[in-house]
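In: Got a predicted structure plus its sequence, pasted below:
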Amino acid sequence: MARRLLTGMLLLAMVAGVPASAATAAESEPLQRVQHIVVIYQENHSFDNLYGGWEGVNGLSAADAAHSTQIGQAGAPYTCLLQNDPNLTSPPLTAGCRDTTTAKPFSSHFRNAPFGIDGYIAPTANTCPHGGGSNPGGCTRDLVHHYYQEIYQHNNGAQNRYVTGSDAVGLVMGTYDTTQLPVYQYLHADGHPRYAVADNVFQAAFGGSFLNHQWLVAGATPVWPGTPPASAQSIIDANGMPADYPLYHTATAKRDRPLTQACDQPTTVAGFACGPHAINTIQPPYQPTSPGQPAPRQLPPQTATTIGDELTAAGISWAWYSGGWSNAAGDVGGPGWTNGDTPGTCTDPATMADAVYPNCPDRLFQFHHQPFNYYASFAPGTAQRADHLRDEAEFLNLATGSVDACNLPAVSFVKPIGAENEHPGYTGESRGSQHLVELLTAIEAGACAADTMVVVTYDEFGGQWDHVPPPGQGGVAGPHDQWGPGTRIPTLILSPLLQADFVVDHQQGDTTSILATIEHRFGLDPLGPRDATVNDLSGVFTAQAPGS
């Protein structure tokens, strides 16, 4: 139910332990002048990895050795960075560094420090696995980004076990030249919209895309109802690790699964989350979902309240716009797909084999990036699904369809398809950033621009290092719990209501700050303890230009 009175907000603030000033800020200008909030949710980059070279930010130039130098499993600093991305291995690169800190010494081109990826994998390179001319670009390999692994990688805020806790080892220390990103160049061109870089925002939960999408829409970790299958639960060692990697090994039995470790079992490790909680990638219960999944790999329908439920109940217009949704959930095949020989199948143009889908999704449509599809209130046949789960193409049409009348809903979530979301492993960074520019250009050219607040952020770190400890680690204060926050993520905010053409906002926040912003702007109740206490994003409106 909407909170429509300031007194109600003050009462909530007192109950939640939030200073009255934080609650009253939601009623103040200029947040209340915002009529449209657009959230563009990109994929898998840490702040230092992508925005570390932006001027005026707490970026790579501020990264001290104590939070950068990576250590091995036994605690000794590496001399070199082991690499297993084929574009970064030695040979063919000159192996000028020899590491003897591990049981198996190795040679590498890379010393133990952050390094630039662009010098080895150019944006024009055709290194993407789905390339073949259809998806060219400079792709790195993917990197593990799971719940327990990230906790280990942080090492209580020391930020020095990213390499050891990763299947991609030294790649975690790679960074992009921020100034070469299409979005950077767009925001530095003449006549660019007013924008802010928020350099103190963290992913809401440790781990990957599935869990952080859930925190974006529900502010909580999903729960398997009843007793989950044992095979769906993780088993961790004494360090909290559920898997071995090139530079990490223990003799303890381990199992990396979608759910947390079971509680009250001989394998349970005290101090780490346990129970029927879904933390790693697990498929939604409804189509579109990955075919042929055994039951432990598919999460039963969730019944928690989402931000969508609250917006609908309050009569506030909104939609989740996903790239490729019409192909995946409708009756239109994805690019190159045709109906299969057997009813209910379609033919994958890459393999010419039949895939068991009711429809024909694009090969890079990610089912676990569709968070509302996990909830019973958005099941097939419901009004909420029909009204609010839409295709990204519809968003672009609404944003640009008229220069005279604004047609966007009050709240829009935009989720690009895999080829355009910047995810390492299956798309190039440059291509994803260019698509982001296309979205921003459409919004800025439309009739809604004057009163729209655009939030561009990333679901999670993608397994990549960042030097800033999250709240709750390394003595850093701030809202936190057993689920996170995790690694710092890139965040941009565009609005004509900002105080200068370019500002830097150092206020702490996490993914649930987006929920808090929507809740405070439209008078909605918080979904959980985190969004009730975290800072919203309205502080950006008082942020200053660097050096002012």
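Out: In hand now; what should we look at?

In: residues near residue 221, how many?
Out: For residue 221, the neighbour count with other CB atoms under 10 Å is 24. (C-beta placed from N, C-alpha, C; glycine too.)

In: which residues touch it?
Out: 205, 211, 214, 215, 277, 278, 279, 483 (CB atoms under 8 Å, 6 or more residues apart in numbering).

In: which one of those residues is nearest residue 448?
Out: Comparing these against residue 448 with CB to CB picks out residue 215 as the nearest, at 26.8 Å.

In: quick revisit: would you format the contacts of residue 221 as a markdown table with pLDDT included?
Out: As requested, the contacts of residue 221 are exported to a markdown table (pLDDT from 0 to 100):
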| residue | pLDDT |
| --- | --- |
| 205 | 98 |
| 211 | 98 |
| 214 | 98 |
| 215 | 98 |
| 277 | 98 |
| 278 | 98 |
| 279 | 98 |
| 483 | 98 |
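
In: Looks to me like residue 320 is in a strand.
Out: Yes - counting by DSSP: H, G, I helix; E, B strand; the rest coil, residue 320 is part of a strand.

In: What strand or helix carries the residue lying closest to it once chain neighbours are set aside?
Out: Nearest residue to residue 320, sequence neighbours excluded (CB to CB, 6 or more residues apart in numbering): residue 413, at 4.6 Å. Using DSSP states H and E, residue 413 maps to strand 411-415.

In: Parallel or antiparallel, which strands does that strand pair with?
Out: If you go by DSSP bridges, strand 411-415 pairs up with strand 36-42 (parallel), strand 318-322 (parallel).

In: distance between that strand and the chain's centre?
Out: Computed by CA atoms, centre = their mean, to the nearest Å, the chain-centroid distance of strand 411-415 equals 14 Å.

In: Can we start the residue count at 9 from this point?
Out: Noted, 9 is the first residue going forward, which turns the last one into strand 419-423.

In: do you know how far the nearest residue to residue 179 once chain neighbours are set aside is from residue 102?
Out: Closest residue in space to residue 179, ignoring its immediate chain neighbours: residue 93 at 5.0 Å, by CB to CB, 6+ apart. Remark: distance between residue 93 and residue 102 (CB to CB, to the nearest Å) = 16 Å.

In: More neighbours: which of the two?
Out: residue 93 (21 against 10).

In: and the more buried one, what is it in contact with?
Out: Contacts of residue 93 by CB under 8 Å, 6+ apart are 148, 149, 176, 179.

In: so can I have a markdown table of these showing pLDDT and distance to residue 500?
Out: Formatted as a markdown table, the contacts of residue 93 follow (pLDDT from 0 to 100; distance: CB to CB, whole Å):
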| residue | pLDDT | distance to residue 500 |
| --- | --- | --- |
| 148 | 90 | 22 |
| 149 | 91 | 26 |
| 176 | 97 | 26 |
| 179 | 97 | 25 |
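
In: quick one: which of the residues you listed is nearest residue 406?
Out: residue 148 (34.3 Å).

In: related to what we said a few turns ago, for the strands paired with strand 419-423, which one sits closest to residue 485?
Out: strand 44-50 (26.4 Å).

In: pull the CA atoms of that closest one into CSV?
Out: Only the C-alpha atoms of strand 44-50 are listed here, as CSV (Å, rounded to 0.1, in the frame of the first residue of the first chain):
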residue,chain,number,x,y,z
HIS,A,44,9.9,9.0,-15.1
ILE,A,45,12.6,6.6,-13.8
VAL,A,46,14.3,4.4,-16.4
VAL,A,47,16.7,1.7,-15.1
ILE,A,48,19.0,0.2,-17.7
TYR,A,49,20.5,-3.0,-16.2
GLN,A,50,23.7,-4.0,-17.9
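
In: which residues make contact with that strand from outside it?
Out: 221, 224, 414, 416-424, 429-430, 440, 444, 447-448, 451, 456, 459-467, 498, 522, 525-526, 529.

In: After it, which helix or strand is next?
Out: Taking DSSP H and E as the definition, the helix or strand right after strand 44-50 is helix 55-59.

In: So what's the gap between that following helix and the chain middle?
Out: 13 Å.

In: do stretch 77-90 as well
Out: That offset, for stretch 77-90, works out to 27 Å (CA atoms, centre = their mean).

In: residues of that stretch that come out buried?
Out: Residues of stretch 77-90 classed as buried under the neighbour-count rule (16 or more other CB atoms under 10 Å) are 78, 79, 80, 81, 86, 87, 88, 89, 90.

In: Closest one of these to residue 38?
Out: residue 78 (42.6 Å).

In: quick one, what contacts the nearest residue to that closest one once chain neighbours are set aside?
Out: Spatially, and ignoring its direct neighbours in sequence, residue 78 is nearest to residue 171 (4.2 Å; CB to CB, 6+ apart). With contact set as CB under 8 Å, 6+ apart, residue 171 has these partners: 78, 86, 89, 90, 177, 178, 180, 181, 255, 473.

In: what about 7 Å?
Out: 78, 86, 89, 177, 178, 180, 181, 255 (CB atoms under 7 Å, 6 or more residues apart in numbering).

In: circling back to that earlier point, can you tell me which of the strands paired with strand 419-423 is nearest to residue 293?
Out: Short answer: strand 326-330, nearest of those by CB to CB, at 16.9 Å.

In: Residue 39 versus the residue lying closest to residue 238 once chain neighbours are set aside, what's the distance?
Out: Nearest residue to residue 238, sequence neighbours excluded (CB to CB, 6+ apart): residue 270, at 6.8 Å. To residue 39, residue 270 is 44 Å away according to CB to CB.

In: what about those two, which has more around it?
Out: residue 39 (22 against 19).

In: these two touch, right, that one and residue 545?
Out: No - under the criterion of CB atoms under 7 Å, residue 39 is not in contact with residue 545, lying 8.5 Å apart.

In: circling back: give me the neighbour count for the residue nearest to residue 328.
Out: 27.

In: what's it in contact with, if anything?
Out: Residue 421 neighbours (CB under 7 Å, 6+ apart): 47, 49, 328, 329.

In: follow-up on the earlier one: let's have the contacts of residue 171 in TSV, adding distance to residue 390 and secondary structure.
Out: Listed next are the contacts of residue 171 as TSV, based on distance: CB to CB, whole Å; DSSP: H, G, I helix; E, B strand; the rest coil:
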residue	distance to residue 390	secondary structure
78	48	coil
86	52	coil
89	50	coil
177	45	helix
178	47	helix
180	41	helix
181	45	helix
255	47	coil
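
In: Format the residues you listed as a markdown table; extra columns: pLDDT and distance to residue 106.
Out: Formatted as a markdown table, those follow (pLDDT from 0 to 100; distance: CB to CB, whole Å):
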| residue | pLDDT | distance to residue 106 |
| --- | --- | --- |
| 78 | 98 | 16 |
| 86 | 98 | 11 |
| 89 | 98 | 12 |
| 177 | 98 | 16 |
| 178 | 97 | 14 |
| 180 | 98 | 21 |
| 181 | 98 | 18 |
| 255 | 98 | 16 |
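
In: Would you check which pair of those residues lies furthest apart?
Out: 181 and 255 (12.9 Å).

In: how close does residue 479 get to residue 494?
Out: Residue 479 is 10 Å from residue 494, by CB to CB.

In: Between those two, which has more neighbouring residues?
Out: Taking other CB under 10 Å, residue 479 and residue 494 do not tie; residue 494 has more neighbours (30 against 20).

In: if I look at the more buried one, how far off is residue 471?
Out: Relative to residue 471, and taking CB to CB, residue 494 is found at 11 Å.

In: what residues do those two have in common as contacts?
Out: Between them, residue 494 and residue 471 share no contacting residue, judged by CB under 7 Å, 6+ apart.
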